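1. Turn this into a structure:
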Amino acid sequence: MNHITLRVNGTTHRVGVAEDTLLLDALRDDVGVTSAREGCGVGVCGACTVLCGGRSVSACLAVATRYDDTDITTADGLDENDPVVSSFVDSNAMQCGYCIPGFVMMTKELLSENPAPSDDEITAHLEGNICRCATYPEILEAVRLAATRSNT
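-> As a prediction, this is how the structure comes out:
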């Protein structure tokens, strides 16, 4: 058993994990995160995306011990006034909502690197996220709106 410190959404959690515990399992089972979800289990759908040190990570593939003492942000740590969150809500960019936390986290990463992305840049950055409800036009609109809100 390894004891690691996970700094999730500004709160420090000391947890015991096995050497092969996935970050997604540690976040959900030990910390209580509900927004990061397992969709595919092989890192291709984006439902488990979190930001570790500001960079997107597929938590279903990441070994938890690698993120000892790293700042981790999940969609649970964002409030409704966050420009990205409010833009997704205002653009009706969800149906079932299962994939949206991953899209939100990828959008946060994108806008931190590129505050005024083109549609092609948005599409390229989000290509690793899958929405089974096919709300892609609304998601694109949400990212555009978030970019304008984040730049004001």
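
2. average pLDDT across stretch 145-152?
-> The pLDDT scores in stretch 145-152 average 88.

3. List the buried residues in that stretch.
-> 145-147, 150 (16 or more other Cβ atoms under 10 Å). C-beta here means a position set from N, CA and C on the backbone, and glycine is covered the same way.

4. I'd like to know how far residue 121 sits from residue 80.
-> 26 Å (Cβ to Cβ, to the nearest Å).

5. When these two are compared, which one has more neighbours?
-> Taking neighbours as other Cβ atoms under 10 Å, residue 121 and residue 80 compare with residue 121 leading, 14 against 7.

6. Quick check, the more buried one in contact with residue 114.
-> Yes: with contact defined as Cβ atoms under 8 Å, residue 121 reaches residue 114; the gap is 6.2 Å.

7. Just list the residues touching the residue nearest to residue 44 when sequence neighbours are not counted, thanks.
-> For residue 44, ignoring the flanking residues on the chain, the nearest one in space by Cβ to Cβ, 6 or more residues apart in numbering is residue 128 at 6.8 Å. Neighbouring residues of residue 128 by Cβ atoms under 8 Å, 6 or more residues apart in numbering: 44, 46, 106.

8. Just the strands from this protein, written as ranges.
-> 2-8, 11-17, 49-52, 55-58, 70-73 (DSSP state E).
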